[in-house]
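# Just the structure for this:
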Amino acid sequence: MLFNSKEFIFFFVPLTFCVYQIFIRSHNKGAKLWLIICSLFFYSYWNPLYVILLITSIATNYGCSVLIFRNPASSKRKLFLLLGITANLAAIGYFKYANFFVENFNHLTGVGFATNQILLPLAISFFTFQQIAYIVDVYLGKETKSTISDYILFVLFFPQLIAGPIVHHKEMMPQFRKLGLHLNSQYFWGGLSFFSIGLFKKLVIADNVAGNANLVFDGYVNGITFSFVETWIGILSYTFQIYFDFSGYSDIAIGLALLMGIVLPINFNSPYKACSIIDFWRRWHITLGRFLRNYLYIPLGGNRRGQFRKQFNIVITMFLGGLWHGASWNFVTWGLIHGLALGINHWFRKFIKIPMNLFFISIFSLLTFFVVCVGWIFFRASDLPTSMNILQVTLGLGGLDLPRGMGGHIVINSFDNLFRFDGAFTSGLLNYNSIWGILACFLIVRFFPSSLEIMKWKKHEVNNTVPFSRKITPIWNFLMGILFFVSVKPLFDSNSSEFLYFNF
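A predicted model of the protein is given here:
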């Protein structure tokens, strides 16, 4: 069930919310059980069989955490920790990476081990990392024992189950223990505001700019050669597609959680406004970066063992971060690009001092944006040869040719056409609406306020009443209502497309 499907928006969310409201006012345990049941139904909508895997994962990890609590002897505690980590890595290793490793082993050795058709369980990367962090912190004494219902809800809570954020127990368990504490009209209307803004980003912007990206990247797979400008149109289209897709998902997740009185951690904060790769990773998939830093980079030694070891740890961390996204050398290459860029960025900051005035900020922002765009080539393309072919054209190594048949005039017939590029390259001609749509996207991500800024988000503590200071007025709700209806209109004209991060 997709966040942007008619079934989810008009059936699942209203029913879940209404029954939850009934339970939470009189029966806290009943409210938790209801959210758990709804989350299991939400997950099983894709493939009911994988609910067994999810429940097994929860039982294994919770069991290991209880055994760690009950055994003061360090040797036994370490044994149960290793058992839990091994079980998690074995599950994700088999379902996500088994065929990848077998295929590469066959290629290197010439043997012909058979590969199996393994359907990737939805969200396995997210709930695996989340639970590894939990049992590690239990072992380190950073978490007290949780009830089984709180733990199950911590893993299953449907607004963040499929594509994050990768929540941490310290920010979620206190809220689940006091479920219903923050149910008020501000949470309700704020949740609907985030939900509406997120739907607009996904359905009106991301799904429409996807047209150009698909035409170019799929065209390269089919042997079509595009010009320098046409290729950049495709790359920039994907650059903005994944931005608005992930940003929209993050807003919807926050909004859904607020409806239940729960505050999720921020996972997306205007990353294309970053003026360095370091800054980019403080804004893009924030909770994944936090996990990689706390549970991989720091255990590897972090920056404590000299400059060279620091650079090495960064590259290894991002290499594994790339592999986390998918079993493909493309994702590995994407991770290495960012790892090398982060290493260079840290080295540059340490040894070269440049005054960060408006001129240098602008230069570094554009350079960062360029590196991110180049990285997205490997993230989106189907394989390494295709990626390298696109990269060659992108860098102008094949010549800086103009688009074929360039001519005509600029026409924008409607707001929708600003972002829709159907058939832009089917005749080999540049569709001028593409340029205007990309320019509009660039201006939005660079100069418009983010959802967090619009809602005046503030750092949330469990005892805070409301995590944002935007005053919710009837006029505001009316505007959000219009935004909602504009956003859901495409659902009745065509089928929904998955959020891109549902694939990871």
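# which SS state does residue 266 fall under?
What DSSP: H, G, I helix; E, B strand; the rest coil gives for residue 266 is coil.
# That one reaches residue 286, doesn't it?
Yes - Residue 266 lies in contact with residue 286 (CB atoms under 8 Å); the separation is 6.0 Å. From N, CA and C alone the C-beta is placed, and that goes for glycine too.
# Give me the common contacts of those two.
residue 165 (CB atoms under 8 Å, 6 or more residues apart in numbering).
# so where is the chain shaky, pLDDT-wise?
Applying pLDDT under 70 to the chain picks out residues 181-182, 398-433, 459-465.
# If we use 80, what do you get?
26-27, 72-75, 111-118, 143-145, 180-183, 355-356, 398-434, 459-465, 493-496, 503-504 (pLDDT under 80).
# residue ranges for the helices of the stretch 1-150 of the chain, please.
Using DSSP state H, counting those that start in this stretch, the helices of the stretch 1-150 of the chain run over residues 6-7, 13-24, 28-44, 50-70, 74-92, 98-109, 124-139, 148-156.
# How far away from the center of its chain is the helix or strand harbouring residue 385?
Here residue 385, judged by DSSP states H and E, is contained in helix 384-394. On the basis of CA atoms, centre = their mean, to the nearest Å, helix 384-394 sits 25 Å off its chain's mean C-alpha point.
# Return the most buried member of the helices of the stretch 1-150 of the chain.
helix 124-139 (a mean of 23; mean count of other CB atoms under 10 Å).
# Just the CA trace of it, in CSV.
The C-alpha atoms that make up helix 124-139 are tabulated as CSV, following Å, rounded to 0.1, in the frame of the first residue of the first chain:
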residue,chain,number,x,y,z
ILE,A,124,14.5,-5.0,5.2
SER,A,125,17.4,-2.4,5.1
PHE,A,126,15.5,-0.1,7.4
PHE,A,127,14.2,-2.4,10.1
THR,A,128,17.5,-4.3,10.2
PHE,A,129,19.6,-1.3,10.8
GLN,A,130,17.1,0.1,13.4
GLN,A,131,17.3,-3.1,15.4
ILE,A,132,21.1,-3.5,15.2
ALA,A,133,21.4,0.0,16.7
TYR,A,134,19.0,-1.1,19.5
ILE,A,135,20.8,-4.3,20.6
VAL,A,136,24.2,-2.6,20.4
ASP,A,137,23.0,0.2,22.7
VAL,A,138,21.4,-2.4,25.0
TYR,A,139,24.8,-4.1,25.2
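# sorry, back to before: give me the packing partners of the helix holding residue 385, helices and strands only.
When contacts are defined as 3 or more CB pairs under 8 Å, 6 or more residues apart in numbering; DSSP states H and E, helix 384-394 sits against helix 207-221, helix 228-259, helix 329-351, helix 358-380.
# Let me have those helices in a markdown table, extended by mean neighbour count.
Listed next are the helices and strands packed on helix 384-394 as a markdown table, based on neighbours: other CB atoms under 10 Å:
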| stretch | mean neighbour count |
| --- | --- |
| helix 207-221 | 21 |
| helix 228-259 | 25 |
| helix 329-351 | 19 |
| helix 358-380 | 17 |
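# nearest residue to residue 339 other than its sequence neighbours?
residue 318 (3.1 Å; CB to CB, 6 or more residues apart in numbering).
# among the helices and strands packed on helix 384-394, which is nearest residue 94?
helix 329-351 (18.1 Å; CB to CB).
# by how many degrees do the closest one and helix 98-109 diverge?
Using axes from the mean of the first three to the mean of the last three CA atoms, to 10 degrees, one finds that helix 329-351 and helix 98-109 are set 90 degrees apart in direction.
# What is the distance between helix 329-351 and the centre of its chain?
The answer for helix 329-351 is 20 Å, by CA atoms, centre = their mean.
# that older thread, how about the helices of the stretch 1-150 of the chain in a markdown table, adding distance to residue 476?
Output for those, formatted as a markdown table (distance: least, CB to CB, whole Å):
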| stretch | distance to residue 476 |
| --- | --- |
| helix 6-7 | 26 |
| helix 13-24 | 20 |
| helix 28-44 | 28 |
| helix 50-70 | 38 |
| helix 74-92 | 43 |
| helix 98-109 | 48 |
| helix 124-139 | 32 |
| helix 148-156 | 31 |
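# Of all the ones you listed, which one comes closest to residue 468?
helix 13-24 (19.2 Å).
# Could you list the residues in contact with that closest one?
Applying CB under 8 Å, 6+ apart, the set of residues contacting helix 13-24 from outside is 30-31, 34-35, 38, 179-180, 183, 256, 259-261.
# let's see 7 Å
The contact list for helix 13-24 (CB atoms under 7 Å, 6 or more residues apart in numbering) reads 30-31, 34-35, 38, 179-180, 183, 259-260.
# Send me that helix as PDB with only the CA atoms.
Provided in PDB are the C-alpha atoms of helix 13-24 (Å, rounded to 0.1, in the frame of the first residue of the first chain):
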ATOM      1  CA  VAL A  13      -5.500   6.500   7.200                       C
ATOM      2  CA  PRO A  14      -9.100   7.700   8.200                       C
ATOM      3  CA  LEU A  15      -9.900   4.200   9.700                       C
ATOM      4  CA  THR A  16      -6.600   3.900  11.500                       C
ATOM      5  CA  PHE A  17      -6.900   7.500  12.900                       C
ATOM      6  CA  CYS A  18     -10.600   7.200  14.000                       C
ATOM      7  CA  VAL A  19     -10.200   3.900  15.800                       C
ATOM      8  CA  TYR A  20      -7.000   5.100  17.400                       C
ATOM      9  CA  GLN A  21      -8.800   8.200  18.800                       C
ATOM     10  CA  ILE A  22     -11.400   5.900  20.400                       C
ATOM     11  CA  PHE A  23      -8.800   3.700  22.100                       C
ATOM     12  CA  ILE A  24      -6.300   6.300  23.200                       C
END
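# what's the spacing between it and its chain's center?
27 Å.
# Check stretch 35-50 too.
Offset of stretch 35-50 from its chain centre (CA atoms, centre = their mean): 20 Å.
# same check, this time on stretch 210-217
Centroid separation for stretch 210-217 versus its chain: 20 Å, with CA atoms, centre = their mean.
# again, but for stretch 264-272
Relative to the centre of its chain, stretch 264-272 is centred 9 Å away, using CA atoms, centre = their mean.
# where do the helices sit along the stretch 401-504 of the chain?
415-419, 432-447, 451-454, 474-488.
# right, and those helices - which one's nearest residue 134?
Smallest distance to residue 134 across the helices of the stretch 401-504 of the chain (CB to CB): 26.7 Å, for helix 451-454.
# hmm, who's touching the closest one?
With CB under 7 Å, 6+ apart as the contact definition, helix 451-454 has outside contacts at 194, 197, 251, 266, 269, 470.
# Stretch 466-484 too?
Here stretch 466-484 makes contact (CB under 7 Å, 6+ apart) with 186-187, 189-190, 192-193, 196-197, 199-200, 263, 454-458, 460.
# swap the cut-off to 8 Å and go again
Contacts for stretch 466-484 (CB under 8 Å, 6+ apart): 182, 184-187, 189-190, 192-193, 195-197, 199-200, 258, 263, 454-458, 460.
# tell me which residues of that stretch are tucked away?
By neighbour count on 16 or more other CB atoms under 10 Å, the buried set for stretch 466-484 is 466-468, 470, 472, 480, 483-484.
# In CSV, list these along with distance to residue 144.
Shown next, in CSV, are the buried residues of stretch 466-484 (distance: CB to CB, whole Å):
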residue, distance to residue 144
466, 27
467, 24
468, 29
470, 34
472, 36
480, 39
483, 42
484, 41
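# what's the farthest-apart pair in the contacts of helix 13-24?
The span of the contacts of helix 13-24, defined through CB to CB, is set by 30 and 259 at 17.5 Å.
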